[in-house]
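K.L.:
no sequence on this one, just coordinates:
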């Protein structure tokens, strides 16, 4: 059974009333921690350091792109991408808009994806263009998903949105 938008809204309202949920998203709290100097994030990628502020800016741009595509609070977003800085930023963007991250194991093919996406009511899917000899983007389309597909990687199909283009929507 897929939860309706009204069911999700009722759940959020109940959680607000019970004090379990507030207007702050996890992404917003992380961003606040960076701005206030409470969070340090850096990585060395071939001699390149990435500041916490740069990561937060990337997350904000991706979040704005998700919002531009209609993804918002309570919306499930399936993520079938390998662990990477891009995956981290994408997950942060989903949190920032208040979405629900729905992790999907990379071995799930079209049949499993069809079931997962239908049952969850996913609003969008992020999938790798190539991972372990398969295209997650192709598997998502073969599953019959016709919503927003964010392609992570190179050789992005014409019917998908690249991660870079999603970020440009946020500018």
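P.N.:
Thanks, I have the structure now. Quantities reported herein were computed from a predicted structural model and do not represent experimental measurements. Residues are numbered from 1 along each chain as shown.

K.L.:
what stretches of this structure score poorly on pLDDT?
P.N.:
Within the chain, the segments meeting pLDDT under 70 span 1, 20-21, 25-31, 33-52, 170-171.

K.L.:
ok, now with 50
P.N.:
Applying pLDDT under 50 to the chain flags residues 40, 42-44.

K.L.:
To which secondary structure element type does residue 112 belong?
P.N.:
Of the three states, residue 112 takes helix according to DSSP: H, G, I helix; E, B strand; the rest coil.

K.L.:
State the distance from it to residue 142.
P.N.:
11 Å (CB to CB, to the nearest Å). C-beta here means a position set from N, CA and C on the backbone, and glycine is covered the same way.

K.L.:
now residue 116: how far from residue 104?
P.N.:
The gap separating residue 116 from residue 104 is 6 Å, by CB to CB.

K.L.:
Please give the centre-to-centre distance between the helix or strand containing residue 17 and its chain.
P.N.:
Counting by DSSP states H and E, the element that carries residue 17 is helix 5-18. Averaged C-alpha coordinates place helix 5-18 at 22 Å from its chain's average position (CA atoms, centre = their mean, to the nearest Å).

K.L.:
Contacts for it, please.
P.N.:
Here helix 5-18 makes contact (CB atoms under 8 Å, 6 or more residues apart in numbering) with 3, 21, 22, 73, 74.

K.L.:
The fourth one and residue 98 touch, don't they?
P.N.:
Read it as residue 73. Yes - assessed by CB atoms under 8 Å, residue 73 is found in contact with residue 98 at 3.3 Å.

K.L.:
who's more crowded, the two?
P.N.:
Neighbour count, other CB atoms under 10 Å: between residue 73 and residue 98, residue 98 has more, with 21 against 13.

K.L.:
Excluding sequence neighbours, find me the nearest residue to residue 145.
P.N.:
What sits nearest to residue 145 in space, not counting adjacent residues and going by CB to CB, 6 or more residues apart in numbering, is residue 117, at 5.2 Å.
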